[in-house]
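Engineer: Everything below, folded, please.
(one chain, ligands or ions: 1)
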Amino acid sequence: MQKFIVTGGRKLSGETIIQGSKNAVLPILAAAVLIDGEAVIEGAPKLSDTYSAIRILGHLGVKVKYCDSQKTVSVNATQIHAHEIPDEMMKEMRSSIFFLGPVIGRTGSCKLSYPGGCDIGLRPIDMHISALEQMGVKVTHTDEHLHFTADKGLHGAKIALRFPSVGATENIICAAVTAKGTTVITNAAREPEVTDLIKFLNTAGAKIKQAGEGRIVINGVAKLHSLTHTVIPDRIAAATILAGVTAAGGFVTVRNCNPLDMEAILPLFEHMGASVFTGKDFVTLNCGKKLRALPEKLTTMVYPGFPTDAQSVVMGALCKAAGTTVVEETIFENRYRHVPEMQKMGADIVVSGKTAVIKGVKRLHGAKVNATDLRGGAGMVIAGLTAEGVTEIGDIRFIDRGYDELELTFASLGADIKRI
Ligand code: UD1
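Structural biologist: Here you go, the predicted model:
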């Protein structure tokens, strides 16, 4: 089993290029099933979740090639032979559910089981199911399987989501792209990754409009055609590097990122004592001071609010910020599993329900910890960079699900971190 060995205390400096977005590339790979031709997807990060999505595409009988040195995937879905996704592939990652909309949209049926992925609390798919039902899909449950069929094809519908779920929004868009008529989604997710999926599909000939806050209008088209698309930069990976520089101190520029997508994240580093400079596609962060706690409660919210995915990495930096910071997690019910691991490193964090109270300590010390989930594991790396001594992080397969060689990125900036 692989581990990260982090020896804390080094300041970071230099420049790094941010990977393509995990949360953009996964739905886009699934949506490639809708293309009657070839989709060339550039900027596809080398992640274990990318490989899981590629395996599902292969199982569906779609031609798929990944050149990981070029970070380019080409998917040719002119032919698709299957409409069911085996249980073991569904269990590999939560994002397997992103295949539901595209497969039903393309073949008129889909069979799958409930998805797996990081254990960060219950992750129901009721909104995905009820939206598809409104579009003419019949859903039957047998044992652990769900069968979706649209014998007469899918039709447009007016779908009001009770919560702006990213995955449900993306599945509805994919199912609606070639459905008969118009679909209108209200209270849709507005995350930049949703916008990137829309851009991908529109480049292929879809007719999707983001028509005001949380409103998406999709006019069904007969077919989608070949295209080339570059996925957006990963705002959470950028936040992770910047949290690392804030925690460890240093002067770093992250390139290939979009500061406009990070407006709820960057001010936090400034409140903690860092100086942040932004350009069109880069962020420079300079931090040499002792860190301060955040002046106000940090609440995770849907976009454009502060993202739940950045909560644990910012917490990694807050462990040593003088004063008390209160964090409230409102998106997932079990997203503090990294806290007991950070406590092993000397962090003073108390969790009560949705709230975590972090009292900044003077020092963290190295410890043996385990990554509990993708972003929690990255939070432990951040804490390790600023701890005295050696931190050994096990179960890094979780971290590899979403970061393209995180240890090499930090090592290139001067951190003492290696994979063994
Ligand atoms: C996506 C992201 C994930 C991020 C999350 C929230 C990808 C690949 N993953 O996950 O990194 O943390 O958005 O920004 O893009 N819910 C229901 N019923 C449903 C669907 C969702 O109750 O049918 C609830 C979930 O349990 C959760 C909340 O809605 O509490 C948010 O989930 P959702 O936005 O759907 O997240 P994902 O699309 O799974």
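
Engineer: where along this structure do the helices fall?
Structural biologist: Taking DSSP state H, the helices of the chain run over residues 22-31, 48-59, 87-92, 100-107, 126-134, 166-176, 192-203, 235-248, 266-272, 311-318, 339-344, 374-385, 397-400, 406-412.

Engineer: These: lowest mean pLDDT?
Structural biologist: Among the helices of the chain, helix 87-92 carries the lowest mean pLDDT, at a mean of 86.

Engineer: Now do that one: distance to the chain's middle.
Structural biologist: Distance of helix 87-92 from the chain centroid (Cα atoms, centre = their mean, to the nearest Å) equals 18 Å.

Engineer: rewinding a little: format the helices of the chain as TSV; extra columns: distance to the ligand and mean neighbour count.
Structural biologist: (Glycine included, C-beta is placed from N, CA and C.) Output for these, formatted as TSV (distance: least, Cβ to the nearest ligand atom, whole Å; neighbours: other Cβ atoms under 10 Å):
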stretch	distance to the ligand	mean neighbour count
helix 22-31	3	28
helix 48-59	8	20
helix 87-92	13	18
helix 100-107	11	26
helix 126-134	3	18
helix 166-176	3	27
helix 192-203	6	22
helix 235-248	8	28
helix 266-272	17	19
helix 311-318	9	29
helix 339-344	17	20
helix 374-385	8	30
helix 397-400	13	21
helix 406-412	16	19
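
Engineer: Now do the domain split for the chain, please.
Structural biologist: Following automatic domain parsing, one finds the domains of the chain at 4-19+233-419, 22-230.

Engineer: export the helices of the chain to JSON lines and tack on distance to Gln210?
Structural biologist: JSON lines is the format used below for these (distance: least, Cβ to Cβ, whole Å):
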{"stretch": "helix 22-31", "distance to Gln210": "15"}
{"stretch": "helix 48-59", "distance to Gln210": "24"}
{"stretch": "helix 87-92", "distance to Gln210": "30"}
{"stretch": "helix 100-107", "distance to Gln210": "17"}
{"stretch": "helix 126-134", "distance to Gln210": "17"}
{"stretch": "helix 166-176", "distance to Gln210": "10"}
{"stretch": "helix 192-203", "distance to Gln210": "7"}
{"stretch": "helix 235-248", "distance to Gln210": "18"}
{"stretch": "helix 266-272", "distance to Gln210": "24"}
{"stretch": "helix 311-318", "distance to Gln210": "26"}
{"stretch": "helix 339-344", "distance to Gln210": "37"}
{"stretch": "helix 374-385", "distance to Gln210": "27"}
{"stretch": "helix 397-400", "distance to Gln210": "32"}
{"stretch": "helix 406-412", "distance to Gln210": "32"}
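
Engineer: right, so of those, which gets closest to Glu296?
Structural biologist: With Cβ to Cβ, the closest approach to Glu296 among the helices of the chain belongs to helix 266-272: 8.4 Å.

Engineer: Chain neighbours aside, what residue packs nearest to Gln70?
Structural biologist: Glu42 (7.9 Å; Cβ to Cβ, 6 or more residues apart in numbering).
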